[in-house]
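> No letters, just coordinates:
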């Protein structure tokens with residue numbers, strides 16, 4: 001699977017490490033809003049300007065978005081879903097339904113796929129709650145990260 005990384009902060013570096021450890025993935029490039037020549041990456045992956053991303057549409061199978069949930073992902077994920085299959089880690093719980101609707105509309109129109117809210121929170125927390133409910137169906141799953 002050919003992967004692109006959109007954003008190179010903590011999340012981007014983590015995705016870079018994960019992709020380089022996966023035998024069935026190839027890191028095509030890292031896209032940044034900064035001057036690409038100033039970005040030092042951990043691997044030999046090429047770094048490209050954010051505005052050049054669309055030129056790689058036929059070279060990338062999945063674009064992993066590594067921006068912030070407050071301001072980046074609400075705009076970036078629907079926009080990039082018009083060109084790429086996307087994965088993000090949007091975690092503003094109260095706005096997930098709206099974010100889903102926006103990404104879903106863009107992806108359906110473009111014929112791409114969008115997977116949102118993957119990661120530790122809410123992704124893995126929600127999965128843990130699912131597993132616990134499967135083995136203890138009458139249990140109470142009190143959480144600090146939102147209603148069931």
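Thanks, I have the structure now. Since the structure is predicted, the reported quantities are computational estimates derived from the model, not experimental observations.

> element containing residue 125?
Using DSSP states H and E, the element containing residue 125 is helix 125-135.

> Output the contacting helices and strands for that helix.
Contacts defined by 3 or more Cβ pairs under 8 Å, 6 or more residues apart in numbering; DSSP states H and E place helix 125-135 against no helix or strand at all. All C-beta atoms are positioned from the backbone trio N, CA, C, and that covers glycine.

> buried ones in that helix?
Using 16 or more other Cβ atoms under 10 Å as the test for burial, helix 125-135 gives 125-126, 129.

> Residues in contact with the longest strand along the chain: which ones?
Among the segments of the chain that qualify as a strand by DSSP state E, the longest is strand 26-32. Strand 26-32 is contacted by residues 1-8, 12, 16, 19-20, 39, 41, 43, 45-50, 52-53, 56, 59-60 when judged by Cβ atoms under 8 Å, 6 or more residues apart in numbering.

> Got a ChimeraX select line for the buried ones in the residues you listed?
Selection of the buried residues among those in ChimeraX, burial being defined by 16+ other Cβ under 10 Å:
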select :2,3,4,5,6,7,8,12,16,19,41,45,47,48,53,56,60
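
> Just to be sure, which of the contacts of strand 26-32 are found in helices?
Counting by DSSP state H, these place 12, 16, 19-20 in helices.
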